[in-house]
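**Student:** generate a structure from the sequence data that follows.
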Amino acid sequence: MIDRIQSRSWCLGSHEDDGSLHALGNGRLLAYGRGPDLVKLWGPHYTSPDLASLSLSGPAGLRSVSSREGNAPIWHHALQISETEVGEIIDVVDRDLPFLVRRIVTSVPLMFRLRQPHALPGICPSCRWPGTQSLISIVPPGTLEYGRRFFSVLPRTVHAVVRGAACILPEPDGEDCWTVLCEAGESQILLVCGEEYPDSLQVAEAALATDWDAVASQTRQHWAGLLGNLRIPAIAGPLREPIATAAEDVALAILTQQAAGGAVVAGHNYCLGYVRDQYGVSRALLALGLHRQARSILAFYWGIFQREGVIHNAQTIGPHTRFHVHENDEVEITGWIPVQAFDYLSATGDDAFVQELAPMLAWCVDAQERHLVDGMLPFNGDETYVAGGMVPREALDDGAAEATLLYVAGARRFAAWCAQHGYGRSEDAERRLRNVAETAARYRANFFVGPRLMVNNPSRLAHLVRARFRHGVCHARLAGCRGLDWLELASDGRYACPVCFPQWSAKPRTVAPRYFLPSVAALPAFIDHAIAAADEEGAMLEAALVPFVAAEGGFRWPPERLPGYELGMLLHALAHRRDPRCEAVARVLLDLREATGVWCEYYSNGCGSNTRYRPWESAIKLCGLLHAADAGLV
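**Tutor:** Numbers count the residues shown, from 1 in each chain. Take a look at the predicted model:
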């Protein structure tokens, strides 16, 4: 008997679906499911055009309940009509090769809508593989992968193959779409990805030569090996089971979305490796004992740095590097990487690997120094709360408490490591130590207002010479705005794209507000870098908890929109202080989980939005739970 995890309901044609997603992936093929619908397919590199989707389209009244097998990303969809069981769909991605196979057993005919762009003319009969039909797509280089600027360098080839009681039918009015009809009985639908046609054909032949049960068995064995040794703290209380389940769910959310080259995509709408997102993912992998997978993220950056000499906000995942460049890309993301490397060293003792990474870590520290003004660094243009609208883009050149703290924490660790190993020139070491000491000494005056650690400090602008041009998101957003593009500095100190700049009406920033977010106040504890005495840290944490305290004294998610990781960082900070309120916060955090077991990008009033099945927010929330469990507080 195979254990089932989670339970997610779905109804054909319903507009009330909760929208929660799950992922199936093996590092070379990544598919996202919404209940029994496969809504997106990427591969064989995770930065990829959207290659195909497969959605149930009939019969009317069809419902399903989706559940995951314990210890594996194998999803079962139990089908019902009028509360009568009519069949089951099981989805599995092969252990190694880039193909997904869907097994369908049904007592009623089922119809699926297959979307497959760039298909060759005609549906291939069974001449190549007896008893099958297939549809072949050759997706050419130059196909859009992400945003408006990322186009594929390599071709992709996709085979949709059906066998058993299934056939592919053309849709008269369906551009790039076909109907897959599965009659009563057993059918299989295979989605196979490759680069060049010969490669994909060999994968398809291997997939068709393998029995479905063998594919599922090998996949179960592989994932059981990965998940069987997760480090989960011993928990005696009532939260033992939900935390253990959350640990497995988050591990699977990360590992299915981790490409063979090490990078983890930021979610279903971001097929790139984002530096900030992968810091939280790395922390969760280390906490779970998945050290090899955490190492591979750093190896991904190191490979890019060796080729390109820089790291940006996000990078493509595959053999040809392209950068997703935002404003101020030499800060914040360059702060996460050294902290991540020394977290890895603390967990593993793998000093030889850190020695290998040292040139990249030195670049990260030195790149940040170039932006120090009055002891402050600015914001990176894709910082979560900037992208989410909690801090306006006009504040990007203000002093940023988080970016500055990351610089201090990472630079100090790197300087200590260099001194221990005699790495680098003495004048470089002296400069770094001097800069980080001066920045740390000014941190309190720059970012504290009473007990609260503020997000920003506008005073940095007074001594800043701003660049005329930079790449980022337009502040104007007028008709025809190009959004993310090259920007030009306007007379009022804001930046506009080539379309908006000629239309721009100067609107000076007369008010320079200070912003507060709980997670920024919790960051020192999360990265284990104290910035205040114990009693002052306690006051800082109490101020951060205020939005989460309900009228009756319990905890809840506030009505305003906040990043999804807020409670994870706060729980970690509470556990750091051995606060008895950890269990109450942990319960709120666990209640926020999606139907598929993990968390999403933003929350308002406890309702999630934007990126679902999100690795970064889920990882940080899990880190908070595990830290509290290790401390015996849940």
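**Student:** centre of the chain to stretch 434-451, how far?
**Tutor:** For stretch 434-451, the separation from the chain centroid amounts to 31 Å (computed by C-alpha atoms, centre = their mean, to the nearest Å).
**Student:** contacts for it, please.
**Tutor:** Outside of stretch 434-451, the residues within contact range by C-beta atoms under 8 Å, 6 or more residues apart in numbering are 369, 372, 374-376, 399, 401, 404-405, 407-408, 411-412, 415, 453-454, 457, 459, 514, 531-532, 536, 539-540, 542-543. Backbone N, C-alpha and C define where each C-beta goes, glycine included.
**Student:** in which helix or strand would I find residue 39?
**Tutor:** Applying DSSP states H and E as the criterion places residue 39 in strand 37-42.
**Student:** what do you get for residue 67?
**Tutor:** Counting by DSSP H and E, the secondary-structure element that holds residue 67 is strand 62-69.
**Student:** what segments of the stretch 151-300 of the chain are helices?
**Tutor:** Counting by DSSP state H, counting those that start in this stretch, the segments of the stretch 151-300 of the chain that form helices are 197-208, 212-227, 240-256, 275-287, 291-308.
**Student:** quick check: which of those has the most neighbours on average?
**Tutor:** Across the helices of the stretch 151-300 of the chain, averaging neighbours per residue (mean count of other C-beta atoms under 10 Å) puts helix 275-287 on top, at a mean of 26.
**Student:** how big is the angle separating it from helix 240-256?
**Tutor:** 130 degrees (axes from the mean of the first three to the mean of the last three C-alpha atoms, to 10 degrees).
**Student:** next, the angle from helix 275-287 to helix 291-308.
**Tutor:** Computed with the same axes, to 10 degrees, the direction of helix 275-287 lies at 150 degrees from that of helix 291-308.
**Student:** avg pLDDT for helix 275-287?
**Tutor:** Looking at helix 275-287 alone, the average pLDDT works out to 96.
**Student:** and it, how far from the chain's centre?
**Tutor:** Going by C-alpha atoms, centre = their mean, the spacing between the C-alpha centre of helix 275-287 and its chain's C-alpha centre is 10 Å.
**Student:** which helices and strands does the strand holding residue 39 pack with?
**Tutor:** Using 3 or more C-beta pairs under 8 Å, 6 or more residues apart in numbering; DSSP states H and E as the contact criterion, the elements in contact with strand 37-42 are strand 30-34, strand 53-58, strand 99-106, strand 177-194.
**Student:** for the longest one, name the packing helices and strands.
**Tutor:** With contacts defined as 3+ C-beta pairs under 8 Å, 6+ apart, the secondary structure elements packing on strand 177-194 are strand 37-42, strand 53-58, strand 99-106, strand 110-115, strand 156-170, helix 197-208.
**Student:** now do 6 Å
**Tutor:** With contacts defined as 3 or more C-beta pairs under 6 Å, 6 or more residues apart in numbering; DSSP states H and E, the secondary structure elements packing on strand 177-194 are strand 99-106, strand 110-115, strand 156-170, helix 197-208.
**Student:** make CSV from the ones you listed and add mean pLDDT and distance to residue 132 to it.
**Tutor:** Output for those, formatted as CSV (pLDDT from 0 to 100; distance: least, C-beta to C-beta, whole Å):
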stretch, mean pLDDT, distance to residue 132
strand 99-106, 98, 12
strand 110-115, 97, 14
strand 156-170, 95, 4
helix 197-208, 94, 7
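**Student:** any chance of TSV for the ones you listed, columns distance to residue 13?
**Tutor:** As requested, those are arranged in TSV below (distance: least, C-beta to C-beta, whole Å):
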stretch	distance to residue 13
strand 99-106	18
strand 110-115	12
strand 156-170	20
helix 197-208	32
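**Student:** nearest to residue 497, out of those?
**Tutor:** Counting by C-beta to C-beta, residue 497 lies closest to strand 156-170 out of these; the figure is 31.1 Å.
**Student:** quick one: contacts of the closest one?
**Tutor:** If you take C-beta atoms under 6 Å, 6 or more residues apart in numbering as the criterion, strand 156-170 is touched by 51-52, 114, 116, 123, 131-139, 178-183, 185-194, 197, 200, 204.
**Student:** show the contacting residues for residue 46.
**Tutor:** With the criterion set at C-beta under 6 Å, 6+ apart, residue 46 makes contact with 30, 259, 265, 271, 317.
**Student:** so the second one is in contact with residue 319, correct?
**Tutor:** No - counting by C-beta atoms under 6 Å, residue 259 stays clear of residue 319, with 11.4 Å between them.
**Student:** got the confidence number for the residue most central in space within the chain?
**Tutor:** The central residue of the chain, meaning the one whose C-alpha is nearest the mean C-alpha position (C-alpha atoms, centre = their mean), is residue 266 at 2.6 Å. If you check residue 266, the pLDDT there is 96.
**Student:** again, but for residue 126
**Tutor:** The predicted structure scores residue 126 at 63 on the pLDDT scale.
**Student:** so which residues of the stretch 501-634 of the chain form helices?
**Tutor:** Listed in chain order, the helices found in the stretch 501-634 of the chain under DSSP H, counting those that start in this stretch are 518-526, 534-545, 566-576, 582-591, 615-630.
**Student:** on that earlier part again, what's the closest of the helices and strands packed on strand 177-194 to residue 313?
**Tutor:** When the helices and strands packed on strand 177-194 are ranked by proximity to residue 313 (C-beta to C-beta), strand 156-170 comes first, at 25.1 Å.
**Student:** may I have that closest one exported as PDB, CA atoms only?
**Tutor:** Only the C-alpha atoms of strand 156-170 are listed here, as PDB (Å, rounded to 0.1, in the frame of the first residue of the first chain):
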ATOM      1  CA  ARG A 156      13.800  21.900 -28.500                       C
ATOM      2  CA  THR A 157      12.000  18.900 -29.800                       C
ATOM      3  CA  VAL A 158       8.800  17.600 -28.100                       C
ATOM      4  CA  HIS A 159       7.100  14.300 -28.800                       C
ATOM      5  CA  ALA A 160       3.500  13.700 -27.500                       C
ATOM      6  CA  VAL A 161       2.900  10.000 -27.800                       C
ATOM      7  CA  VAL A 162      -0.300   8.100 -26.900                       C
ATOM      8  CA  ARG A 163      -0.800   4.400 -26.700                       C
ATOM      9  CA  GLY A 164      -3.500   2.000 -25.400                       C
ATOM     10  CA  ALA A 165      -7.100   3.100 -25.700                       C
ATOM     11  CA  ALA A 166      -6.100   6.700 -26.800                       C
ATOM     12  CA  CYS A 167      -5.800   8.600 -30.000                       C
ATOM     13  CA  ILE A 168      -4.900  12.200 -31.100                       C
ATOM     14  CA  LEU A 169      -7.500  14.100 -33.000                       C
ATOM     15  CA  PRO A 170      -7.100  17.500 -34.700                       C
END
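**Student:** more neighbours, residue 259 and residue 319?
**Tutor:** For residue 259 versus residue 319, the count of surrounding residues by other C-beta atoms under 10 Å is larger for residue 259: 26 against 10.
**Student:** just to revisit the earlier point, just put the helices of the stretch 501-634 of the chain in CSV and tack on distance to residue 308.
**Tutor:** Converted to CSV, the helices of the stretch 501-634 of the chain look like this (distance: least, C-beta to C-beta, whole Å):
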stretch, distance to residue 308
helix 518-526, 29
helix 534-545, 38
helix 566-576, 31
helix 582-591, 38
helix 615-630, 23
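**Student:** need those in a markdown table (columns: mean pLDDT, distance to residue 156 and mean neighbour count).
**Tutor:** As requested, those are exported to a markdown table (pLDDT from 0 to 100; distance: least, C-beta to C-beta, whole Å; neighbours: other C-beta atoms under 10 Å):
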| stretch | mean pLDDT | distance to residue 156 | mean neighbour count |
| --- | --- | --- | --- |
| helix 518-526 | 91 | 38 | 24 |
| helix 534-545 | 89 | 46 | 16 |
| helix 566-576 | 95 | 36 | 27 |
| helix 582-591 | 95 | 39 | 20 |
| helix 615-630 | 96 | 23 | 27 |
